[in-house]
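S.K.: For reference, the sequence and a predicted model appear below.
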Amino acid sequence: MYFKKIRRLSPSTLLIVLTILAISLFLVVGLLPSFLYRTLDIESYLVFHMIAEIFSVIVSFSIFGVGYFTYKQSKNSYALFLSCAFLAIGLIDLFHVLSFPQMPNFITPNNNDKSISFWIAARLISAVTLVISAYIYKNSANRWLEKKYLIPAALFTSAIVFVLVIYHPEYLPRMFIEGSGLTLTKVLSEYIIIGLFVASFILYWRRFKKTGEKFIIFILAAIILCIFSELSFTLYLSAFDTYNMLGHIYKIIAFIMIYIGIFIVTILQPYHDLELEIVERKKAEDEIRMFMNVVESSNDAIITKSLDGTVTSWNKGAEEMYGYSAKEIIGKNISILSPPKLKNEIPDLIDKIEHGKKIQRYETLRLKKDGTLINASITLSPVFDISGKMVKISIIARDVTDTKMAENKIKRALKEKEVLLREIHHRVNNNMQIILSLLNLQTQYVKTDEALKILQETQNRVKAMATIHENLYQSHDLTTINFAEYIQSLVKGIFFSYHIKEGQIEPIIEIGDVMLNIETAVPCGLIISELVSNSLKHAFSPEQKGIIRISLHSQNNTFTLTISDNGIGFPDDLDFKNTNSLGLQLVNNLINQIDGNIQLNKTHGTEFIITFKELKYTERI
């Protein structure tokens, strides 16, 4: 439970806690010298020193072993560099142990200066290594970060230190003078090493903030302990006292921290990544398996083929659609499914796919195993490899034979209905033409002008309705009529029936591309017929020239129909909504029929303004 709580702490908090603990040991020893400060006898210290240093050497070689021998799998340049550096550090620390004054002579007579020189060399290499390694990453591309260069470099460095300290100490500054103790060079060297450790801490902390690499926490902890280890070796009063031992303990723990860091990046992290990869791969395999189940259970035929047309996969939907089993068809050319007259269709479609065109719901004919032709709707899609190169084509096909048959049946039924409607409109138009002929014959037997006038007006009304059916019969759309064409024809007929001379009264028709259904067009046509007829009869004197304007505009699904003339004007004493005139009564009734509104403007001539909406078709009973 306590470890879980510690793991929840932020990295900076952990490092601060570690620093406080390290400082606390110094303070406790300094504040309670009578209880904690001790000076060991030579024999006891020799045992402690041997154990501590041999342990440090073993940890150094372990760091080397982990980083070096896992490089083939991890390919971690950072770990390889650090491990090879610790090979040199381990060797020099071993020379330090063997050179201790109380140990048997190591080639040349052992003494404190010899032992300390090896110690300072090892610590200096440690500090420099940590500074340099802060700039090296796992995938750092540098030809010097290879085994063939790093191992010789580590061995060469160790050999140089060995030769100088053992055989040519005169070239090195003295670290210890018998009878005087530590030299200024030794103390300054410790502070330089501490400075390098501080620099490496700053560099690693920046790297951690930038990359978030978790192993760096252990490296940072090791650097903190190395700093306090070096401080210990600047504070001890005797080579055998508590501060000296504390410095060795800090060093051991620091090396262990570095070992853990290297172990994480070379073994734990790769295994963790491998575990995640296995989980992701298993998840991907499950998704693929699920996708394959979806493909297999699909009612559509799902096929993949190579660019040369060879079938590479075939689901159960394809088996049911074409009659071939997967065993029979895989490895064969997909042209086996094409009728003889469509053998070149597949290569053409592949060529279009290769040129980036989409083939979706393409309807064609396909050949089943038993020779039956079926209607198929196919969609072709390219399949790319990891490099983005198209390697296959997937085909999703659906048998639409039944749908096609139903569609053709509906088309035939619609065609029959269309023919029937055209015949109805044609017959209605013929019947109205017969009525017009009868009315025309009747005019020959009418003796009074009033009766003749009534017959003529009736003829115009019948013509208005007959023209509708004539236009519908000739139209591609049997439900709506082009109102502009209809009014042009209607007005032309009215002018002809009243024997209007060309140039005497000019009809101006301002109607855009308006389509109206028959429910609305018939009453509107009759309204226009009545009002135009009234203008021709009453607005102009026999020789007077004038204009009759008809306009229709639509806005927000509301139509505005205007019929106006520039004649003598509408009588002031006549109420067009309450009149005995059959024509105006008919107009008002038709306005009510289309749920419209009519207004009269007498400012300039006569202007009727009618607003209405297109009527919806209502089923007849």
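M.R.: Yes, it's here.
S.K.: Which parts of the stretch 201-350 of the chain are helices?
M.R.: Along the stretch 201-350 of the chain, counting by DSSP state H, counting those that start in this stretch, helices occupy 216-235, 242-263, 269-297, 316-322, 326-329, 345-354.
S.K.: Tell me which of those helices lies nearest to Lys148.
M.R.: Between Lys148 and the helices of the stretch 201-350 of the chain, the shortest gap by Cβ to Cβ is with helix 242-263, which sits at 20.4 Å. All C-beta atoms are positioned from the backbone trio N, CA, C, and that covers glycine.
S.K.: so how far is stretch 167-176 from its chain's centroid?
M.R.: Computed by Cα atoms, centre = their mean, to the nearest Å, the chain-centroid distance of stretch 167-176 equals 68 Å.
S.K.: how far does it stretch from start to finish?
M.R.: With Cα to Cα, to the nearest Å as the measure, stretch 167-176 spans 17 Å from end to end.
S.K.: Quick one: low-confidence residue ranges for the stretch 201-350 of the chain.
M.R.: Per-residue confidence for the stretch 201-350 of the chain (pLDDT under 70) gives these ranges: 234-244, 265-271, 294-297.
S.K.: rerun that using 50 as the cut-off
M.R.: Residues of the stretch 201-350 of the chain meeting the criterion pLDDT under 50: none.
S.K.: is it true that Leu145 lies in a helix?
M.R.: No. With DSSP: H, G, I helix; E, B strand; the rest coil as the criterion, Leu145 is located in coil rather than a helix.
S.K.: need the contact list for it.
M.R.: Ser77, Leu80, Phe81, Ile136 (Cβ atoms under 8 Å, 6 or more residues apart in numbering).
S.K.: mind listing what the longest strand anywhere in the chain pairs with, with the direction of each?
M.R.: Identified as the longest strand of the chain according to DSSP state E is strand 373-384. Next to strand 373-384 in the sheet, as set by DSSP bridges, lie strand 359-367 (antiparallel), strand 390-399 (antiparallel).
S.K.: Need the contact partners of the first one.
M.R.: By Cβ under 8 Å, 6+ apart, the residues outside strand 359-367 that reach it are 322, 336-339, 342, 345, 349, 352-353, 373-380, 397, 400, 404.
S.K.: Just the buried ones from the residues you listed, in PyMOL syntax?
M.R.: Per 16 or more other Cβ atoms under 10 Å, the buried members of the contacts of strand 359-367 correspond to this PyMOL selection:
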select buried, resi 322+337+338+349+353+374+375+376+377+378+380+397+400
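S.K.: And what about the spatially most central residue of the chain, helix, strand or coil?
M.R.: For the chain, Gly388 is the residue whose C-alpha lies nearest the centre (Cα atoms, centre = their mean; 17.8 Å). State at Gly388, reduced to three classes by three-state DSSP: coil.
S.K.: Now intersect the contacts of Leu145 with the helices, please.
M.R.: Ser77, Leu80, Phe81 (DSSP state H).
S.K.: out of these, which is most surrounded?
M.R.: Counting neighbours by other Cβ atoms under 10 Å, Leu80 leads the ones in helices among the contacts of Leu145 with 26 neighbours.
S.K.: That residue and Leu91: what is the separation?
M.R.: To Leu91, Leu80 is 17 Å away according to Cβ to Cβ, to the nearest Å.
S.K.: Nearest residue to Tyr576 in space, ignoring adjacent ones along the chain?
M.R.: You called it Tyr, but residue 576 is Phe. Closest residue to Phe576 apart from its sequence neighbours, by Cβ to Cβ, 6 or more residues apart in numbering: Leu584 at 5.2 Å.
S.K.: Quick one: residues contacting the one you found.
M.R.: Glu530, Asn534, Phe576, Lys577.
S.K.: what do you get for Ile303?
M.R.: Contacts of Ile303 (Cβ under 8 Å, 6+ apart): Val311, Ser313, Trp314, Asn315, Ala318, Ile334, Ser394, Ile395, Ile396, Ala397.
S.K.: what's the answer for Val383, then?
M.R.: Counting by Cβ under 8 Å, 6+ apart, Val383 has contacts Thr304, Met390, Val391, Lys392, Ile393, Ser394.
S.K.: mind running it again at 10 Å?
M.R.: Val383 makes contact with Thr304, Lys305, Ser306, Leu307, Thr312, Met390, Val391, Lys392, Ile393, Ser394 under the criterion Cβ atoms under 10 Å, 6 or more residues apart in numbering.
S.K.: can you tell me which helix or strand Thr562 belongs to?
M.R.: Using DSSP states H and E, Thr562 sits within strand 558-565.
S.K.: picking that back up, the residue nearest to Phe576 belongs to a strand?
M.R.: No. Counting by three-state DSSP, Leu584 is not found in a strand; it is helix.
S.K.: rewinding a little: dump the ones in helices among the contacts of Leu145 into TSV; add pLDDT as well.
M.R.: TSV is the format used below for the ones in helices among the contacts of Leu145 (pLDDT from 0 to 100):
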residue	pLDDT
Ser77	86
Leu80	88
Phe81	89
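S.K.: ok so, going back, determine how far the strand holding Thr562 lies from the middle of the whole chain.
M.R.: 54 Å.
S.K.: Pairing partners for that strand, with directions?
M.R.: strand 546-555 (antiparallel), strand 606-612 (antiparallel).
S.K.: Among the contacts of Ile303, which one sits closest to Val514?
M.R.: Ile396 (44.5 Å).
S.K.: So Gln102 sits against Phe48, correct?
M.R.: No. If you go by Cβ atoms under 10 Å, Gln102 and Phe48 don't touch, sitting 11.8 Å apart.
S.K.: Look at these two and report which has more neighbours.
M.R.: Phe48 (15 against 12).
S.K.: Can you name the secondary structure element that comes next after the strand or helix carrying that one?
M.R.: Counting by DSSP H and E, the element that carries Phe48 is helix 42-69. On the C-terminal side of helix 42-69, the closest following helix or strand by DSSP H and E is helix 71-74.
S.K.: okay, now Ile435: neighbour count?
M.R.: Neighbour number of Ile435 under other Cβ under 10 Å is 16.
S.K.: likewise Gly309?
M.R.: 15.
S.K.: picking that back up, dump the contacts of Ile303 into JSON lines; add distance to Val522 as well.
M.R.: Shown next, in JSON lines, are the contacts of Ile303 (distance: Cβ to Cβ, whole Å):
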{"residue": "Val311", "distance to Val522": "62"}
{"residue": "Ser313", "distance to Val522": "62"}
{"residue": "Trp314", "distance to Val522": "61"}
{"residue": "Asn315", "distance to Val522": "58"}
{"residue": "Ala318", "distance to Val522": "57"}
{"residue": "Ile334", "distance to Val522": "59"}
{"residue": "Ser394", "distance to Val522": "56"}
{"residue": "Ile395", "distance to Val522": "54"}
{"residue": "Ile396", "distance to Val522": "51"}
{"residue": "Ala397", "distance to Val522": "50"}
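S.K.: ok, and the most crowded of those?
M.R.: Of the contacts of Ile303, with other Cβ under 10 Å as the count, Ala318 tops at 25 neighbours.
S.K.: I'd say it and Lys369 touch.
M.R.: No. Ala318 is not in contact with Lys369 according to Cβ under 10 Å; the separation is 11.2 Å.
S.K.: still on that earlier bit, ChimeraX command for the buried members of the contacts of Val383?
M.R.: The ChimeraX command for the buried members of these (criterion: 16+ other Cβ under 10 Å) is given here:
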select :304,305,312,392,393,394
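S.K.: Strands of the stretch 501-621 of the chain, residue ranges please.
M.R.: Ranges of strands within the stretch 501-621 of the chain are 505-511, 515-517, 546-555, 558-565, 597-601, 606-612, based on DSSP state E, counting those that start in this stretch.
S.K.: which one of these has the lowest average pLDDT?
M.R.: Of all the strands of the stretch 501-621 of the chain, the minimum mean pLDDT falls on strand 515-517 (a mean of 81).
S.K.: Show me what that strand packs onto, helices and strands only.
M.R.: Secondary-structure packing of strand 515-517 (3 or more Cβ pairs under 10 Å, 6 or more residues apart in numbering; DSSP states H and E): strand 480-482, helix 483-497, helix 518-534.
S.K.: Listing partners with orientation, what would you give for that strand?
M.R.: strand 480-482 (antiparallel).
S.K.: Nothing else from me, thank you.
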